[in-house]
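Participant: here is a sequence together with a model predicted from it:
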Amino acid sequence: MKSDKIKSGTDRAPHRSLLRATGLGEDDFQKPFIGVCNSYVDLIPGHVHLQAFGRKVKEAVRKAGGTPFEFNTIGICDGLAMGHIGMKYSLPSRELIADSVETMATAHQLDGLVCIPNCDKIVPGMLMAAARLNIPAIFISGGPMRAGKTASGEKADLISVFESLGQYHNDQISLQELEELERIACPGCGSCSGMFTANSMNCLTEALGMGLPGNGTVPAESPQRQQLLEKAGHAIVDLVKADIKPRDIMTRSAFYNALALDLAMGGSTNTILHTFAIAHEAGVELELADLNRLADKVPYLCKVSPASRTVHIEDVDRAGGVPAILSELSKLEGILDSDCITVTNQPLGKNIESASVLDKEVIRPLERPYAATGGLSILFGNLAPQGSVVKTGAVSEKMQKHRGPARIFNSEEESIEAINNKKINPGDVIVIRYEGPKGGPGMREMLSPTSAIMGMGLGDSVALITDGRFSGGTRGACIGHISPEAAANGPIAALKNGDVISIDLANRRLDVELSEKELQERLAQTPPFKEKITHGWLARYATHVTSAHTGAVLRNPCQD
């Protein structure tokens, strides 16, 4: 066992002495050492219940014949960090999480890992670490929150509150109505109840093979989630014995299985960023253009909030969950590789063989999809030569093609002020730049401006493009991850107010109506980017972070 390096032999007597002080008995040294990597944090509703989850997993590991050791990572609640400097730390926290898990597992020579994440950056951060460490690992999330209900019986979630702010500023609802929504939208613990980034990533762990069936959709506060915890504790010991490692599971085929699921359920645009970062750690090369080729073959089967007002993750679970969606996709030739091994020590095909769709309005059959192509697209063009991302499944028909004048803002705050003060006109294309990985720094999610647009009633007439990114709760013609970013002197840095921008989702194009010559002349005259933050972690992050089209991973100087 890997842990023999700290527990076996005469020379390890000092190490064993220290371990005995933690409560270990003689028998514990003969068993595999299993790290229980918990992201319990009091500040995050998706994580506030995970202390109890950790105890349950440790108990299951002991029963299965392992010796568990629990440790924690940091976690950021994107909702709480939204709209201020805190959001600059959100994406960078992914790297800190990956590094901290690597540090703990390597320093203590753990034989395996049970990862208990739930929210946005914690899931990919732990997956990156698992791929990097390549020791047996299994993921068991905290589970999704249930949707809230208004007094009239309508469903609500966190995005409902964000969008109601726009309605309030537009005098469409009263302060009392806003406060009522605030109180009921998030009724209990769990990751926010729509197909936002946290739930999208947790669903992807099933298709990727790193999470048990049900991991993405079984509600946080349910007996079934408790059963999954116990299964995960037993499964990790089996994985250690069978020596099945993350890189055995996270193959190129497995990543394409995950991307196919992502397209079929219209996941968050952030999943593209994170999937590419995880693949990078696993030594798997992915191409953004491949996503479009896959989207042409994968129909959009599952429309969940924010694309739907009435369907939430709990409904997807009731309809059969991720296994049911994958079961539908398996009927398409050449889409899923059902032979990919998973943490069940069974191939993906075995995991989904008994699955079926139990509600054909929540999960549509292949012959009656919401759209013939997947719910995410990569747009290229002279504004995004290295790509950009849009959640096509959450864009109205009226905005599938749009042409309008640019309204330029060099920060999220400038755009919010203009939207709230009703300075945006129907037909405009809002451009928010210098919010990319380097330019932000930290590539902030910008749920506030996108929600304000919807709340102001401009969702069918105004587009927003940015080198930053969006919450998984964003809907509308919002195009993010534009690469190269403005701070890297990408074409978006050359835009001026009034430039005509053309968006064509059908043809996956994002262009400005300028000649290549004029674009290059403007870029040549653009002043060099001046770092916004010059001290602390964010300054170091900005120095090493790469473009969004690479997954915004940190550059390794040793590999340059």
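Facilitator: Noted; the coordinates are in hand.
Participant: which stretches of this structure have low pLDDT?
Facilitator: 559-560 (pLDDT under 70).
Participant: tell me which residues are up against the helix ranked longest in it.
Facilitator: As assigned by DSSP state H, the longest helix anywhere in the chain is helix 223-242. Contact with helix 223-242 is made by 1, 32, 34, 53, 56-61, 63-66, 68, 111-114, 136-140, 143, 212, 214-215, 218-219, 343-345, as judged by CB atoms under 8 Å, 6 or more residues apart in numbering. C-beta coordinates here come from the backbone N, C-alpha and C atoms, glycine included.
Participant: buried ones among those?
Facilitator: Burial by neighbour count, judged by 16 or more other CB atoms under 10 Å, picks out 32, 34, 53, 56-58, 60-61, 64-66, 68, 111-114, 136-140, 143, 212, 214-215, 218-219, 343-344 from these.
Participant: strands - which of the residues you listed land there?
Facilitator: The strands, defined by DSSP state E, take in 34, 68, 112, 113, 114, 137, 138, 139 from these.
Participant: can I get those residues in JSON lines with distance to residue 548?
Facilitator: Below are those laid out as JSON lines (distance: CB to CB, whole Å):
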{"residue": "34", "distance to residue 548": "35"}
{"residue": "68", "distance to residue 548": "37"}
{"residue": "112", "distance to residue 548": "33"}
{"residue": "113", "distance to residue 548": "28"}
{"residue": "114", "distance to residue 548": "31"}
{"residue": "137", "distance to residue 548": "26"}
{"residue": "138", "distance to residue 548": "29"}
{"residue": "139", "distance to residue 548": "24"}
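Participant: out of these, what pair is the most spread apart?
Facilitator: Pairwise distances across these (CB to CB) peak at 15.9 Å, for the pair 68 and 139.
Participant: what count of nearby residues applies to residue 127?
Facilitator: 33 (other CB atoms under 10 Å).
Participant: got the contact list for it?
Facilitator: 115, 139, 205, 208, 210, 250, 274, 278, 281.
Participant: tell me the one among the residues you listed nearest to residue 500.
Facilitator: For the contacts of residue 127, the nearest to residue 500 is residue 274 (33.2 Å; CB to CB).
Participant: OK, contacts around the closest one?
Facilitator: Counted by CB under 8 Å, 6+ apart, residue 274 has contacts 94, 123, 124, 127, 197, 201, 551.
Participant: report the beta-bridge partners for residue 431.
Facilitator: residue 408, residue 465 (DSSP bridges).
Participant: which strand or helix spans the closest residue in space to residue 531 that isn't next to it in sequence?
Facilitator: Leaving aside its sequence neighbours, residue 531 sits nearest to residue 542 (CB to CB, 6 or more residues apart in numbering; 6.1 Å). Following DSSP states H and E, one finds residue 542 within helix 536-544.
Participant: give me the residues contacting that helix.
Facilitator: With CB under 8 Å, 6+ apart, helix 536-544 has contacts from 88-89, 92, 95-96, 437-438, 440-442, 531, 533, 554-555, 557.
Participant: rerun that using 10 Å as the cut-off
Facilitator: With contacts defined as CB atoms under 10 Å, 6 or more residues apart in numbering, helix 536-544 is touched by 85, 88-89, 91-93, 95-96, 436-442, 487, 529, 531-534, 545, 552-557.
Participant: neighbour-wise, which of the contacts of residue 127 leads?
Facilitator: residue 278 (32 neighbours).
Participant: so it is in which element?
Facilitator: helix 270-282.
Participant: next SSE after that helix?
Facilitator: helix 288-295.
Participant: that following helix vs helix 270-282, what angle?
Facilitator: Here the directions of helix 288-295 and helix 270-282 differ by 120 degrees (axes from the mean of the first three to the mean of the last three CA atoms, to 10 degrees).
Participant: all strands of the protein, in order?
Facilitator: 33-38, 67-72, 112-116, 137-139, 148-149, 155-156, 377-381, 384-390, 401-409, 429-432, 463-466, 478-480, 500-504, 509-512.
Participant: and residue 353, which of those strands is closest to it?
Facilitator: That would be strand 137-139 among the strands of the chain, by CB to CB, at 20.5 Å.
Participant: now for that closest one, which elements pack on it?
Facilitator: Contacts defined by 3 or more CB pairs under 10 Å, 6 or more residues apart in numbering; DSSP states H and E place strand 137-139 against strand 33-38, strand 112-116, helix 122-133, helix 197-208, helix 223-242, helix 246-249.
Participant: let's see that with 8 Å instead.
Facilitator: strand 112-116, helix 122-133, helix 223-242 (3 or more CB pairs under 8 Å, 6 or more residues apart in numbering; DSSP states H and E).
Participant: could I get the ones you listed as TSV with distance to residue 480?
Facilitator: As requested, these are exported to TSV (distance: least, CB to CB, whole Å):
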stretch	distance to residue 480
strand 112-116	27
helix 122-133	16
helix 223-242	32
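Participant: list the residues that contact the residue nearest the centre of the chain.
Facilitator: Nearest to the mean C-alpha position of the chain, counting by CA atoms, centre = their mean, stands residue 197 at 3.7 Å. Going by CB under 8 Å, 6+ apart, residue 197 touches 78, 120, 268, 270, 271, 274, 471, 472.
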